[in-house]
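Visitor: Fold the following for me, if possible:
(one chain, ligands or ions: 1)
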Amino acid sequence: MANRRLTDKQQRQIERNAEKRRASSLLGEGEDLEGIIIARFSKAAIVMDEHHDVFRCHLRPNLAHLVAGDRVLWQKNEQGAVVSTQLERRSEIKRPDVRGQLKAVAANVDLIVIVIAPEPEPFGNLIDRYLVAAYLEGIETIIALNKSDQVASNPACKALLMRYKAIGYTVIETGPDEQSTCTLRNLLGDQTAVFVGQSGVGKSSIINRLIPDQNLRVGALSESVLKGKHTTTTTEVFRRPEGGLIIDSPGIREFGLQHVAAKDVAPGFKDFQPFIDQCKYRDCRHLVEQGCAVLSALAAGKLSHERYDSFVNIVNDIADNSH
Ligand code: ZN
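Guide: The predicted structure follows:
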């Protein structure tokens, strides 16, 4: 699990800010306020404060990498408002930018909802990739079978969902009925969530059902803060009536395993975890090694061949990419 404490550097920064604050209070300037980045532009950002009010803020030049979901300290002053400090992230969703450099696209996400549907055909391997990536960031997951009213058209998708339930993952069926939306709402609680999955599974319709009030689309609020200025941000942040946020963008939906080492894949398979420490060799890859407890469990029928084949597929992909 990610460390939630401030780093020494951030602690020193906060102390410096406190000193500045003591000095500036004589001049009547603003105090440090805590906020969340809702939208990020090249030299400015929209920050939401604890009362859910949004403000356009300038950014100090050292804050180059702020993304939606980042927690920050900011101050109001005579010229407007300025973000001064980025607080430590408890999780990151990363993906490569146009130059192939791995960059965070969202911060402080608590929960990833992996959405599948009867159509398009769901793939266990894609679900497994999301599960591994989420595990390595310390982010909880829910697997949601959406369009549950259409399951009869593809009963295999229900069987797939049940396979993950049997392993111990949290699963849910969602559809147009109010009851399933209510169940999902309770599972989300006041956490910050993102929705991932293939295009066409209905991620946007789930978000619309969870947040029917368009006024809670904080992106719309930030447009009004920008007074009609054209913005190019594609990340949208929604505030849920119960508390918590939903962060959505095409980049987040493509969250994957670009940064993962082959040896870190197996721990992301919940059903492999009881066996991994029993392998004869500490650096066991669980592929062909003598005395591999994962392979023994597979042979004894304690692990499913679908999951094991999916594991091998992911490890091979990473090995191919690392050349
Ligand atoms: Zn092994």
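Visitor: Quick check: next helix or strand after the least confident helix or strand in the chain by mean pLDDT?
Guide: The least trusted helix or strand in the chain, going by mean pLDDT, DSSP states H and E, turns out to be helix 218-225, with a mean of 54. Going down the chain from helix 218-225, the next helix or strand is strand 236-239, by DSSP states H and E.
Visitor: what packs against that next one?
Guide: Packing partners of strand 236-239 (3 or more Cβ pairs under 8 Å, 6 or more residues apart in numbering; DSSP states H and E): helix 218-225, strand 245-248. C-beta coordinates here come from the backbone N, C-alpha and C atoms, glycine included.
Visitor: Local confidence estimate at the residue most central in space within the chain?
Guide: Computing the C-alpha centroid of the chain and ranking residues by Cα atoms, centre = their mean puts residue 109 first, at 4.4 Å. We have a pLDDT of 96 for residue 109.
Visitor: In which helix or strand does it reside?
Guide: If you go by DSSP H and E, residue 109 is not part of any helix or strand.
Visitor: wait, it sits on residue 195?
Guide: No: when contacts are counted by Cβ atoms under 8 Å, residue 109 is not listed as touching residue 195 (10.7 Å).
Visitor: Let me see the mean pLDDT of the host helix or strand of residue 166.
Guide: Using DSSP H and E, residue 166 sits in helix 155-167. Helix 155-167 shows a mean pLDDT of 96.
Visitor: Which positions within it qualify as buried?
Guide: If you call a residue buried by 16 or more other Cβ atoms under 10 Å, then helix 155-167 has these buried ones: 157, 160, 161, 163, 164, 167.
Visitor: gap between the fourth one and residue 272?
Guide: Counting by Cβ to Cβ, to the nearest Å, the gap from residue 163 to residue 272 is 15 Å.
Visitor: Show me the helices in the stretch 201-323 of the chain, by range?
Guide: 203-210, 218-225, 250-253, 273-276, 293-299, 305-321 (DSSP state H, counting those that start in this stretch).
Visitor: For residue 50, which of those is the nearest?
Guide: Residue 50 lies closest, by Cβ to Cβ, to one member of these: helix 218-225, at 13.8 Å.
Visitor: ok, residue 305 touching residue 298?
Guide: Yes: with contact defined as Cβ under 8 Å, residue 305 reaches residue 298; the gap is 7.1 Å.
Visitor: Which of those two has more residues huddled nearby?
Guide: Neighbour totals were compared for residue 305 and residue 298, and residue 298 leads with 20 against 9 (other Cβ atoms under 10 Å).
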